[in-house]
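Undergrad: here is a sequence with its predicted model. Questions after.
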Amino acid sequence: MGYVTAVPHPRSQAAGPARAGRRSLAVALLSGALGAAVVLLATRQQWSEGTATVAGGDFPLTATGSDVTGVPAALAIVGLAALVAVFAVRRAGRFAVAALLALSGAGTIVATLLGASDTSALDEKAADASGDTSATVDSLTHTAWPYVAGVGGLLLLVAGLLALRYGRLWPAMSGRYERSGAPRPRRTPAADPDRPEELWKALDRGEDPTGA
């Protein structure tokens with residue numbers, strides 16, 4: 001009695017990568033868009049507060065994320081642009097843009113962690129308020145917003161890593177070009193020999209249009 005070996009269908013073999021591509025695309029889009037929004041929102045919030053001595057009294061001071069550093073917001077915009085650009089390029093270009101997206105996320109994380117303990121923004125405000133360039137802020141405290149911005153950077157990083165791993169499976173923005181990158185040839189309609197202009201062309205070529 002012989003044994004029949006089941007041969008996997010080509011469609012079932014292709015379904016796995018296609019499904020992984022769709023899932024990774026959805027997660028990357030969500031992570032990238034959400035991460036950029038979180039970073040931009042968090043940098044507008046209060047990151048630190050303290051007091052400065054002005055005319056013998058305590059003067060309250062606060063600093064937002066954009067006061068502390070402009071790097072996270074700038075990288076979030078770059079990352080969002082890279083996320084969109086992933087679908088406009090192919091092959092090596094897609095890999096480069098995906099790497100830029102991942103680096104934007106990593107840079108955002110580093111910048112927010114450094115900004116979480118930064119005092120220079122409040123020290124500068126203390127110097128302006130007191131008129132003393134050597135004045136520093138007192139009773140310094142920090143909020144959780146820098147770490148929220150760091151989470152946004154992590155989401156951007158995840159989107160970039162997914163684009164690096166699965167970007168080759170994602171669709172392009174335009175379907176005009178084939179996978180090879182060459183434009184699809186346009187189909188020209190077949191000439192109708194019975195049309196008057198075709199008859200005249202045949203006569204010009206010395207052919208008999210009425211012949212068999």
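TA: The structure has been received and is ready for your questions.

Undergrad: make sure Gly32 is actually in contact with Ile77.
TA: No. Using C-beta atoms under 8 Å, Gly32 makes no contact with Ile77, being 11.9 Å away. C-beta coordinates here come from the backbone N, C-alpha and C atoms, glycine included.

Undergrad: and the two? which has more neighbours close in?
TA: Gly32 (28 against 14; other C-beta atoms under 10 Å).

Undergrad: which ones are touching the residue nearest to the spatial centre of the chain?
TA: Central residue of the chain (C-alpha atoms, centre = their mean): Leu83, 1.9 Å from the mean position. Going by C-beta atoms under 8 Å, 6 or more residues apart in numbering, Leu83 touches Ala28, Leu29, Gly32, Ala33, Ala36, Leu101, Ala159, Ala163.

Undergrad: which phi and psi values does it adopt?
TA: phi -60, psi -40 (degrees, to the nearest 10).

Undergrad: please pull out the lowest mean pLDDT helix or strand from this protein.
TA: For the chain, counting by mean pLDDT, DSSP states H and E, helix 196-204 ranks last in confidence among helices and strands (a mean of 64).

Undergrad: for the one helix or strand Ala149 maps to, packing partners?
TA: Per DSSP states H and E: Ala149 is located in helix 145-166. Applying 3 or more C-beta pairs under 8 Å, 6 or more residues apart in numbering; DSSP states H and E, one finds that helix 145-166 contacts helix 10-42, strand 46-54, helix 65-68, helix 71-85, helix 91-115.
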